[in-house]
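**Q** Pasting a predicted model and its sequence here:
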Amino acid sequence: MIAQTVAGRPDIPDDPPPAGAPVLELRDISKTYPDARALSGVSFVLRRHQMLGLVGENGAGKSTLLSIINGTVRPDTGSIAINGQAVRFGHPTEAARNGIATVFQEQGLIPTLPVFENIFLGREQKFTIAGGLRRRAMIAEARSVLDELQVDVAPTALTGSLSFGERQLVEIAKAFALGRIYPVEPIILLDEPTSALSDNEAAKLFDGIRRWRARASFVLVSHRLSDVFAACDEVVALKDGQVVDQRPIGSIDETGLHELIVGRQRNDAYYREASQREPASAIVLRAAGLAKPGHLRGVSLALREGEILGVAGVLGSGKSTLARIVAGAEAQSDGDVVVAGARLRRGSRRDAIRHGIGFVPAERTVAGIIGTDTVDWNLTLPNLKQIALGVLGLVSSRRSRALTLEWMQRLKVRAPGPSAACRTLSGGNQQKIVFAKWLARGVRILVLDDPGRGLDVGAKEDIYSLMREIADAGAAVLLVSDNLPELIGLSNRIMVLRDGAVSAVVEAPRDAKPREVDVVSAML
Amino acid sequence: MADRPASAVKTMGDLDLRTIILPLVAIVVLIAYFTYINPLFFSSANALNIGRQSAVLLMVALAGTVVILIGSIDLSVGALVTLAGILAALTVDRFGVPGAILTGVGVGALVGLINGSLVTMLRVPSFLVTLGMLSILSGVTNQISQGQSILFMDSLLPDIVNGSVVLGVPNVIWFALIATAVLTVVAFRTKLGRYLYALGGGEIVAAHAGVPVTFYKILAFVLAGAICGLAGVMLTGQVGAGTPTAGGSLLLNSIAAVVMGGTALSGGIGGPHRTFLGVLVIAILTNGMDVTEVNSFTQDIVKGVVIILAVSLTIDRSKYLFIK
C-alpha cells in the first residue's frame, strides 16, 4: 500500500494500534488573564496512538489550553509531563523539541516559500553545511516524509499555490518531520482542521490521520461534533475553563455531548430576565433573502420595536456576517435590508446610520474604539453635528465634553474624564463608550456583535442591564453572540444559523426560556 | 476637569507627555548651547533669521502633518514646492500675484488629488505613489526650467513676502504662523480635523461611524498639495526667482520636523501645533550650527543622529506588530 518506505521504518498499518502509555499528561493547569480566568485546574491524559477530542463552547478555554501545550502561553500553575517526564516550556521551540506540533486554523505556513522549506522552517540545522543549505537533501527528506504520509504534494511546489486542504496536509507533514530531526514521536494538536475543508477533503484528512496514528498521537479541537465522533476515541469536554468530563467516545452520544458542553445553571438575575418586555407589534427593520457566497444563504428576519432578537451559531455559521450586513458594514450580494419602507444601500454604514442603525462590532479595539483618541473624541465621532456651534460650524470642545460627561454618567463609565485616552480604559468601559456613541445619536436599532466578548463578569452585567434599558425604551436590538446563556437570557427570540442559513427559530419569552440543548442541537 | 477652557490639548498619557516635553527640552538645550558658543545666537536679529529660514519649511511640514495624521506619507512635498515655485515665477508677470498664487495652489491641489486618488482607488501605498510623484514632478520642473532659475520682473510678490507690516516681523513668518493657527483650529475644531485623527487612529472605527473614508483621505492629500503650492509661491517671492533646486532639503527636514514634534508616522497622534515645535527644533539646530560654524557635512550627520534619536524616543511601538 505504500509505494516507498524509508529505511528502518516499517509500513504504516491501516488500523491504528491500541492506545498505549500516556504521552501527554496535564495536571491541574490554571491560567488567569487580567480580564478573566481562562482555565482552572485542568487535567487530562493523552495516550500513545490516541486521538483525543477537545470540545467546548467558544471561550471555554480550548485555545488557551492548546497554547499552553505548545509553549506559546505559560500556565500560572500546574504541570505538564511528556512520556512521564515533567516539562516546562519557555518557548514554542522547546515544545517542538519534545515533539509537539500545532496545525492551526490560520495556517502557519509561509505562502511564498516552497513546501520543503516550510516543512523544515526553523529546523534547517540538520541540512547545513559550512553555513549553506543542502537543498537537495532537504527536498529528498521532505519527499520521503510526504510519501510516508501518502500526501500527494511535490516538495518543490510553491506553498501558496496549493489548495487549503493540501496546505493542511503539509502542516501535518511538517509535524511529522519533527520526528526526523528530534528523536521523538510527534504529538500533533489540530485546531479546527476541517473548518475550511469540504466534506470530501475532511474525510480524506481523517482517513490519513487514522493511519498516521501508528506514528503519532493527536489532540483534535473541533466545533463539528461529527468530526469528533468520526475521528476520536476519547473526548474531553471543557466548560468555563474546567474539564467537565473525559470519557471514551463509545460511551456517549451527540445529545449527551451537547449537554456536557453547555451543562450549567443559567442565572436569570444576571440577565435581568424578570424585566424582559414583550416586543411591540411594529416592525422597525426587515431583511429579506440576505445572501453572500460562502457566508450567508438567504436569511430573512423581522425586528420589532423593543425586541431583542438573538442570533446563535457556531464559528463560520454566518452570524457575524449577518450582523455586519444588517449594519451596513459589509455588502451582501443578494437581498435587502428595509427600514421604514426604505431599502438601505448595500454595504453603506452611512446609509444605515441615517436610518438609525447603531453598530457595536466584535473586535472592540480594532473596530469599536480609537485607542489613541480621547473618550470624548470617540463618543462624538458620529455626533459632530450635535456639538457644532456658530456659523462656521466649529466643534465646541465644551459641548463635546458636556455630551460625553452626560453619557459617561448615564452608563456609569469609569474613566478619569472625557479627555482620557480611550486605550487606558478597561474593556468594559471601552465597550460602554461604543454603546454611548450610538445612544447619544438616539438610534432606534442596535446591531450588537458579541458585545460581551472579553469582558469580566461585572462589566457584562452592566452591558446586559444597558441592553434591557435600550429595549425598554423601544429600540430594537439584534444580538449576535457566542455565549448561549447570554442569548437565552437576554433575547425574546433566538434565530439559529447553521452553514449560512436559518436552522431554527426558538422563542424565549420571559417565563419559558429554552434550554441550551434546544439551541445547540440546531447549531451543530 | 470638564471646566478647563476649550483647548487643543488632548491628554494621552505618558507617551504623549514625553512627546511634547522632548521638543521643548531640545529647544531650551539647543538655545543654551549655541548661545554659550556664540552669544550673538541669542539676539532678536538672529531670531528673525531663524524665522525667515524656516517659514517655508513650516508650511511644508504642516502639509506633511495633514497626510501623516491619517497614517499615510507624502514624499512629493519638496518636489511640489519646487514646481509650484517655478510656475509662480513663470506666471506672476502675466497674471499678477493672484494669478501666481492661484497657479501654485491649483497645481498643488491637483497633484494632491492625483496622489490621493491613486492611494485610495488603486490601493497603492502612499509611500510608493508619492515617491513616484516626486520623480515625476522633478522631471517636469527640469523640463520647464531647463535647469535654470526663472527670473521675473514683478516686484509685488517679493515685497509681499519679504516686507513687514506688523511688529517689524517679515510677512513670510506671519503667513506661516497664520497657517499653523488655522490648521490647528481645523485639526481640533472641525469635522475634517476630527476625521483625519479618526482615520489615522482607527480607519475601521471611522468607517463604522459613517465617515466617508475615501473622500477624506483624498481631501487630506489635496489639502497638503495646496499648502505646498502656496509654500512654493512664498519661496519664489522670498528668493526673487523660481529655482529648480529650491525644495531640495525640504522633504527630509519636514518629515524630521513632523516626527520630532510628536506626530506619529502610524497616524492619529500629534497635530499641526506639534509640528510647529518640531520645526523650531530643526530650525534652531540648523541655524545654530551655521552660527557656530559647523561645516555642512557635519550638520547632515548631526541632523541624522537627532532624527533617529527623536523617533526612537517617541515612537509608539504598540502600534506595530513587527518593526520592519
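**A** Noted; the coordinates are in hand.
**Q** Now do the SS call for residue 46.
**A** You didn't say which chain, so I picked chain A. Following DSSP: H, G, I helix; E, B strand; the rest coil, residue A:46 is assigned to strand.
**Q** Would you mind confirming that it is in contact with residue A:24?
**A** Yes. Contact criterion Cβ atoms under 8 Å: residue A:46 and residue A:24 qualify, at 4.1 Å. Every residue, glycine included, has its C-beta placed from N, CA and C.
**Q** joint contacts of those two?
**A** A:187, A:217, A:219 (Cβ atoms under 8 Å, 6 or more residues apart in numbering or on different chains).
**Q** quick one: which of the residues you listed has the most company?
**A** residue A:187 (27 neighbours; other Cβ atoms under 10 Å in any protein chain shown).
**Q** what stretches of chain B score poorly on pLDDT?
**A** Residues of chain B meeting the criterion pLDDT under 70: B:1-19, B:314-324.
**Q** hmm, back to that, tell me which of the shared contacts of residue A:46 and residue A:24 is nearest to chain B?
**A** Nearest to chain B among these, counting by Cβ to the nearest Cβ, is residue A:219 at 28.0 Å.
**Q** gap between that closest one and residue A:519?
**A** Computed as Cβ to Cβ, to the nearest Å, the residue A:219 to residue A:519 distance reads 27 Å.
**Q** for residue A:146, same thing?
**A** Distance from residue A:146 to residue A:519, by Cβ to Cβ: 43 Å.
**Q** go on, residue A:262?
**A** Distance from residue A:262 to residue A:519, by Cβ to Cβ: 8 Å.
**Q** again with residue B:252
**A** 62 Å.
**Q** Tell me which of those two has more neighbours.
**A** Taking other Cβ under 10 Å, residue B:252 and residue A:519 do not tie; residue A:519 has more neighbours (22 against 16).
**Q** That one: what's its closest spatial neighbour, skipping adjacent residues?
**A** Distances taken as Cβ to Cβ, 6 or more residues apart in numbering or on different chains place residue A:312 nearest to residue A:519, at 5.4 Å, with adjacent residues excluded.
**Q** What ranges does the stretch 1-150 of chain A have for its helices?
**A** Along the stretch 1-150 of chain A, counting by DSSP state H, counting those that start in this stretch, helices occupy A:62-69, A:92-97, A:115-119, A:135-148.
**Q** Packing partners of the first one?
**A** Where contact means 3 or more Cβ pairs under 8 Å, 6 or more residues apart in numbering or on different chains; DSSP states H and E, helix A:62-69 is packed against strand A:22-32, strand A:37-47, strand A:51-55, strand A:187-191, strand A:217-221.
**Q** List the contacts of residue 133.
**A** The chain I'm using is chain A. A:124, A:127.
**Q** looking at chain B here, not the other one
**A** Here residue B:133 is in contact with B:75, B:76, B:79, B:80, B:111, B:114, B:115 (Cβ under 8 Å, 6+ apart).
**Q** Most neighbours among those, which one is it?
**A** residue B:80 (35 neighbours).
**Q** Could you verify my assumption that that residue touches residue B:108?
**A** Yes. Counting by Cβ under 8 Å, residue B:80 touches residue B:108, with 5.8 Å between them.
**Q** hang on, the earlier thing: what about the residue nearest to residue A:519, distance to residue A:493?
**A** Distance, residue A:312 to residue A:493, by Cβ to Cβ: 11 Å.
**Q** Those two - which one has more neighbours?
**A** A count of neighbours by other Cβ under 10 Å puts residue A:312 above the other of residue A:312 and residue A:493, at 29 against 19.
**Q** wait, the more buried one sits on residue A:483?
**A** No. Using Cβ under 8 Å, residue A:312 makes no contact with residue A:483, being 9.4 Å away.
**Q** in a strand, that's where residue A:454 is, yeah?
**A** No. According to three-state DSSP, residue A:454 belongs to no strand; its state is coil.
**Q** Tell me how many other residues crowd it.
**A** Neighbours of residue A:454 using other Cβ under 10 Å come to 19.
**Q** One more: residue A:184?
**A** 16.
**Q** now residue A:410
**A** By other Cβ under 10 Å, 14 other residues sit near residue A:410.
**Q** Who are the contact partners of it?
**A** Counting by Cβ under 8 Å, 6+ apart, residue A:410 has contacts residue A:436.
**Q** Three-state assignment for the residue lying farthest from the centre of chain A, please.
**A** In chain A, the residue that sits farthest from the middle, by Cα atoms, centre = their mean, is residue A:391; the gap is 49.1 Å. Three-state call for residue A:391 (three-state DSSP): coil.
**Q** Got phi/psi on it?
**A** Main-chain dihedrals, residue A:391, degrees, to the nearest 10: phi -70, psi -40.
**Q** ok, it to residue A:367 distance?
**A** 35 Å.
**Q** How about residue A:444?
**A** Distance, residue A:444 to residue A:367, by Cβ to Cβ: 22 Å.
**Q** between those two, who's got more neighbours?
**A** Just comparing residue A:444 and residue A:367: by other Cβ under 10 Å the higher neighbour count belongs to residue A:367, 22 against 19.
**Q** Surely that one touches residue A:361?
**A** Yes. Assessed by Cβ under 8 Å, residue A:367 is found in contact with residue A:361 at 3.9 Å.
**Q** Overlap in contacts, these two.
**A** B:204, B:208.
**Q** number of nearby residues for residue A:135?
**A** Using other Cβ under 10 Å: residue A:135 sits among 13 other residues.
**Q** go on, residue A:443?
**A** 21.
**Q** Reduced to three states, what does it come out as?
**A** Assignment for residue A:443 (three-state DSSP): coil.
**Q** That one: what's its closest spatial neighbour, skipping adjacent residues?
**A** Nearest residue to residue A:443 in three dimensions, chain neighbours excluded: residue A:358, at 3.8 Å (Cβ to Cβ, 6+ apart).
**Q** Look up phi and psi at that neighbour.
**A** Torsion angles, degrees, to the nearest 10, at residue A:358: phi -90, psi 150.
**Q** and it, bridged to which residues?
**A** Applying DSSP bridges to residue A:358 yields these beta-bridge partners: residue A:446.
**Q** List the contacts of it.
**A** With Cβ under 8 Å, 6+ apart, residue A:358 has these contacts: A:435, A:437, A:438, A:439, A:441, A:443, A:445, A:446, A:447.
**Q** do the same with residue B:226
**A** Counting by Cβ under 8 Å, 6+ apart, residue B:226 has contacts B:105, B:108, B:109, B:112.
**Q** With residue A:466 instead?
**A** By Cβ under 8 Å, 6+ apart, residue A:466 lies in contact with A:411, A:432, A:435.
**Q** The first one is in contact with residue A:431, isn't it?
**A** No. Here residue A:411 does not reach residue A:431: they are 9.7 Å apart, not a contact under Cβ under 8 Å.
**Q** Neighbour count: these two, which is higher?
**A** residue A:431 (28 against 18).
**Q** on contacts alone, who are the packing partners of the helix or strand hosting that one?
**A** Applying DSSP states H and E as the criterion places residue A:431 in helix A:427-439. Counting contacts by 3+ Cβ pairs under 8 Å, 6+ apart, helix A:427-439 is packed against strand A:357-360, helix A:375-380, helix A:397-410, helix A:457-472.
**Q** Domain map for chain A?
**A** A:22-262, A:282-356+A:443-523 (automatic domain parsing).
**Q** list the buried ones in stretch A:440-454?
**A** By neighbour count on 16 or more other Cβ atoms under 10 Å in any protein chain shown, the buried set for stretch A:440-454 is A:440-441, A:443-454.
**Q** what about the stretch 351-500 of chain A, any weak spots by pLDDT?
**A** Those would be none, if you go by pLDDT under 70 across the stretch 351-500 of chain A.
**Q** Within range of chain B, give me the residues from it.
**A** Residues of the stretch 351-500 of chain A lying close to chain B (Cβ under 8 Å from any Cβ of the partner chain) are A:352-354, A:359, A:361, A:363, A:366-374, A:377-378, A:380-382, A:384, A:388, A:393-398, A:401-402, A:405, A:416-421, A:424, A:437.
**Q** quick one, what contacts the closest residue to residue A:395 other than its chain neighbours?
**A** Spatial nearest neighbour of residue A:395, chain neighbours left out: residue B:189 (4.9 Å); criterion: Cβ to Cβ, 6+ apart. By Cβ under 8 Å, 6+ apart, the residues touching residue B:189 are A:394, A:395, A:396, A:397.
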